[in-house]
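# predicted model and sequence below, questions to follow.
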Amino acid sequence: MAQFDTEYQRLEASYSDSPPGEENLLMHVPEGAKSNWHHIENLDLFFQRVYNLHQKNGFTCMLLGEIFELVQLIFVVGFTVFLANCVDYDILFANKFVNHTDSSKVTLPDAFLPVNVCSARIQENVFVIFVLIISGVFWLHRLVKFIYNVCCYWEIRSFYINALKMSMSELPYATWQEVQARIVEIQKEHQICIHKKELTELDVYHRILRFKNYMVAMVNKSLLPVRFRLPVLGEYVFYTRGLKYNFELIFFWGPGSLFENEWSLKAEYKRGGNRLELADKLASRILWIGIANLLLCPVILVWQILYAFFSYTEVIKREPGSLGARCWSLYGRCYLRHFNELDHELMSRLSKGYKASSKYMNCFLSPLLTVVAKNVAFFAGSLLAVLIALTIYDEDVLAVEHVLSSITLLGVCITVCRSFIPDKHMVFCPEQLLRVILAHIHYMPDHWQGNAHRYETRDQFSQLFQYRAVFILEELLSPVVTPIILIFSLRRKSLEIIDFFRNFTVEVIGVGDTCSFAQMDIRQHGHPAWLSEGKTEASIYQQAEDGKTELSLMRFAITNPQWQPPQETTHFISQLKERIHREATGVSSETHPLSLSESEPKSLVANLLAGPSTLGSVHFGRESYLINQAAAGVGDRASALRSLSPISSSLHLRGSLNAAHRTASSHTSAMNKTMAGSGTDARTVSSGSSAWEGQLTSLVLSEYASTEMSIHALYMHELHKQQSRGDLSRHTWHRQESDESSDSIPDEVRSHNPQSRHFPRSHTFPTTVSSPTAIPASASDISSTAIGQEGVPSLGGSHQQYSESATGTCGAGGRVVRTARVPMGGWAEEGQGVARHHGPLPEESSEDEMPPHIHKIT
Amino acid sequence: MNCRSEVLEVTVEARQVEEAILSLLHTILLHRSTGKFHYKKEGTYSIGTVGTVDIDCDFIDFTFVRVSSEELDRVIRKAVSEFKDALSNSGSDGMGQISLEFYQKKKSRWPFSDECIPWEVWSIKVNVVNLANEQERQICREKVGEKLGEKVINVVEVINRHEYLPKMPTQSEVDNVFDTSLKDVQPYLYKITYQITDSLGTSVSTTMRRLIKDTLAL
């Protein structure tokens, strides 16, 4: 190997290796690593921790909380064991006498067994030892975790203090948006991410929510087997924490999972070549994990019971009613979650919808139960009254055996009964309630609208919003059911899962592999029926269901006004915002909303804000009153919504209305600057408080953001409803696994409705099919239905035609919404019913088999 | 994850493997090396000089430039010949990947060991082909030379971009950024790893680490 020396040679001359006589030249000053925060290795984990610390309100709070939890755990276990083994209940119940020399009083220590007896009893009892061992392991695990976390979060704490310049004391009052803005800011200085000069908000969200976005997308595309058809219970959603943990274990981080590390999918899963082998591999892994679950079942079960016991006994003791209360189910949280929505954002949204949702569920109290409950309550109440009266007369009554306990029992009985008796002053107005709920939860299947009063809709809603008692029960059952689901349901889906991860993973520079849905790209994943008509190039397989892409995009843009979306997306957002803004202002300038609804495009916001006032229904006055009532019930947020509403644009509210509009406009335009000046003023004026500026500004701002999003969500749903009228709309709600064929439909569900037989299986909630007659009859409704039905055969799938017919009806009556009141689902199903005779639905086929381009490969 | 990664692919004959990889690794290292730092008072330093050498390849029509440091060359050569041996012994279809990873060390608090955080990874995927006759070999010799020339320009382009580099360290931290063990040149801290065959399964240790971390995480 020849070797030529160039003229660029190292100077060997001087000892010090610097040019002789030039010591003073070429001097450099090292920058040094001034901060620890440049170039962080695992940004995913880092951002997650930053977020967690923010959510836990700072280091001290977190530390204290964790310490108390550890102590509580010891206490609960110790106390339970003590109560079970070391107390002589005979003495306590005075069945046995104690020989006391000094006094005849029984003291508490008398009831305790001596230590040696006690420990002998514990040692004899195998079950207690088992429980003790498991809780000991559990506790140790928690302790190690705690110590590890303290070390990690100490780092994060110093990051907050030194880099973000936020002290721990002000952290609880800072919004996440503020923290995030500072992170984006310091990236310029510290380069925590080395790929880019600047971080965007979306990057931060992507990293924190990488796997959650995948889960949301999988639920959205009905990929996860969480819906089951059970013999007695009918359609049932089973999704517990244990199941979720297993899914995550299989997909994201377990041994041999699809992900190589936290940020990248394994290379072989990105290629389509050997997808069948990979699917086999995945299936066998799922099988093994299922078997492992089965073997560990007893341990997990005990753990689960203990866990439930520890976490819920206190709550139940404090407020026994909480078991009858409802909570958002785990499935609901997944179904309702936007892409790129952090936990606290989701929870605040759902909490706002809580009141309306429970009201809605309460509309459906069974009249039979009510009658029974009323009478039971009557008898129990009489007994109770007598006992109490006697006690008041002479308290010796209390000393009679079981009187105190029967008083307590009767009291509980009455409380339970009361929960089955509807409020006397409550009015049955599910449609309005559902709309208020929609304003917060942002997602619902098409066929719910117009069918809110039906029991099926309620049943479906209860899948999202279940009893807490049911939730706990499911958690307890989960160790037994999880392996079954893994082995029998998930395993069959392995090919679809492989395809899903291959097709919907994109590599983003500086972020790694993320779910492509989370990019919120209208062009790739938009749904034509959700405003992205003409903009989307997605095949049906690629479209996100329920307008998830569009709604997520709007929500993200509204909550993160600084975010600079790509060109096309910006266009979409500004177009929609402008549309809504124009309509809102246009309407507000008029005093009478009805007069406006004649000009078609302006009426939408009016409709959705004014609610039924433009529905032209017979119940005009009452309903519009009610929606205000309902909205008022939701909480203070609703007042903001109402202030935007033309209904309340009556003169005395005009001032606040204008302010609110200014808010809206400042959201769209001026928010890019830091909220200051007039924007703040407008907000504070409209919120009616003046002294809360400063640190609360951003809180106020985010409150308005959620209001704005509510309006957008309602608007988009309304538009979607109009757009997809008669469309062959697809109900993700009920898309079933392909392999279950239609024979499993319980006929009794729909036997009352002869039509429904024709409907394809995918719509298992046949509610909507039902007939327009089920809708509170009003002449206009019926007429519009008639128009619609004529339309069906001729429409045959083209959107333009639909819109023509839409304008046609509008022109005729000027009552756009009425046509929209025709049950959407019914339309869809009829359309599909027709289509089905010719063969399987297009999206069903692509869904069931595989994305189109895969066909070529195989 | 928080590191740039660049992938270069080369298709060569068995005897060309060593030179091809050496040429690429040396090219990268040439741009990622500085002269020795000499710290002065007041926290300033001056940088020593670096010489360069032209190397002609025997089996490829190609000449490349490397830092004139025998020590560095020896280290790289050793790693590359190990890779070459592993590749020829593997008996697989002659696929392999050798990575040059630049990293910096970060001091951690007591319970954790020092972290090595990579900031740039160059992966060279090597595909070995067998050629039937001398004429083909001759063509291959030229082809590979051309290809390598392209790659070198590619490397230079990437390096010319203004992207993250560790900040110049103070005297106490210089070991966290630079490899100061060589006496005539000072490259950024680097590590050479290689993998034979395509199956990059997650090793058991990383899975276990992940499992433990995950259970510990909040």
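Looks like it came in fine.
# switch to C-alpha atoms for all contacts and neighbour counts from now on
Fine.
# residue B:149: what's it in contact with?
The contact partners of residue B:149, taken as CA atoms under 8 Å, 6 or more residues apart in numbering or on different chains, are residue B:62.
# okay, and it sits in which element?
Per DSSP states H and E, residue B:149 falls inside helix B:134-160.
# then residue B:194?
Applying DSSP H and E as the criterion places residue B:194 in strand B:190-196.
# what packs against that strand?
Other helices and strands packing on strand B:190-196, by 3 or more CA pairs under 8 Å, 6 or more residues apart in numbering or on different chains; DSSP states H and E, are helix B:70-90, strand B:95-106.
# could you single out the most deeply buried of these?
Of all the helices and strands packed on strand B:190-196, strand B:95-106 has the most neighbours on average by mean count of other CA atoms under 10 Å in any protein chain shown, namely a mean of 20.
# residues making contact with that strand?
Outside strand B:95-106, the residues within contact range by CA under 8 Å, 6+ apart are B:25, B:83, B:87, B:114-128, B:166, B:176-178, B:188-198.
# ditto for stretch B:121-131
B:3-14, B:17, B:21, B:93-102, B:137.
# how about that stretch: buried residues?
B:121-128 (16 or more other CA atoms under 10 Å in any protein chain shown).
# check stretch A:70-80 too.
Neighbour-count burial for stretch A:70-80, counted by 16+ other CA under 10 Å, picks out A:70, A:73, A:77.
# just the CA atoms of it, as PDB, please.
What follows is stretch A:70-80, C-alpha atoms only, in PDB (Å, rounded to 0.1, in the frame of the first residue of the first chain):
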ATOM      1  CA  LEU A  70     -46.000   3.700  51.300                       C
ATOM      2  CA  VAL A  71     -47.000   4.200  54.900                       C
ATOM      3  CA  GLN A  72     -50.700   3.800  54.200                       C
ATOM      4  CA  LEU A  73     -50.000   0.500  52.500                       C
ATOM      5  CA  ILE A  74     -48.200  -0.900  55.600                       C
ATOM      6  CA  PHE A  75     -51.000   0.400  57.700                       C
ATOM      7  CA  VAL A  76     -53.800  -1.100  55.700                       C
ATOM      8  CA  VAL A  77     -52.100  -4.600  55.500                       C
ATOM      9  CA  GLY A  78     -51.100  -4.600  59.100                       C
ATOM     10  CA  PHE A  79     -54.400  -3.400  60.400                       C
ATOM     11  CA  THR A  80     -56.300  -5.900  58.300                       C
END
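# ok, it near chain B or not?
No. Figure legend: stretch A:70-80 not in contact with chain B (CA under 8 Å from any CA of the partner chain); closest approach 13.9 Å.
# which stretch of helix or strand covers the residue of the stretch 51-200 of chain A found nearest chain B?
When distances are taken as CA to the nearest CA, the stretch 51-200 of chain A reaches nearest to chain B at residue A:145, 4.6 Å away. Using DSSP H and E, residue A:145 sits in helix A:126-158.
# what pLDDT does residue B:154 get?
Residue B:154 is assigned 92 on the pLDDT scale.
# count of residues packed around it?
As a burial measure, residue B:154 scores 13 neighbours (other CA atoms under 10 Å in any protein chain shown).
# now do the residue of the stretch 251-400 of chain A found nearest chain B, the pLDDT please.
Closest residue of the stretch 251-400 of chain A to chain B, CA to the nearest CA: residue A:255 (5.7 Å). As predicted, residue A:255 sits at a pLDDT of 76.
# quick one, phi psi at it?
Here is the backbone geometry of residue A:255 (degrees, to the nearest 10): phi -60, psi 130.
# can you check the one 5 residues further on too?
For residue A:260, the backbone dihedrals (degrees, to the nearest 10) come out as phi -70, psi -50.
# thinking it is in contact with residue A:269, fair?
No. The pair residue A:260 / residue A:269 is not scored as a contact, 10.1 Å apart, by CA atoms under 8 Å.
# identify the bridge partners of the spatially most central residue of chain B.
The structure's chain B has its C-alpha centroid closest to residue B:100; by CA atoms, centre = their mean the separation is 2.5 Å. Per DSSP bridges, the residues bridged to residue B:100 are residue B:122, residue B:192.
# could you do residue A:513 as well?
In this entry, residue A:513 is beta-bridged to residue A:507, by DSSP bridges.
# for it, grab the count of nearby residues.
For residue A:513, using other CA under 10 Å, the count is 21.
# residue contacts, it?
Taking CA under 8 Å, 6+ apart, we find residue A:513 in contact with A:263-265, A:505-507.
# so which of those is the most crowded?
residue A:265 (23 neighbours).
# these two touch, right, it and residue A:259?
Yes. Counting by CA under 8 Å, residue A:265 does reach residue A:259; the two are 4.3 Å apart.
# okay, buried residues for stretch A:410-430 please.
If you call a residue buried by 16+ other CA under 10 Å, then stretch A:410-430 has these buried ones: A:410-411, A:413-414, A:416-422, A:429-430.
# perfect, that will be all.
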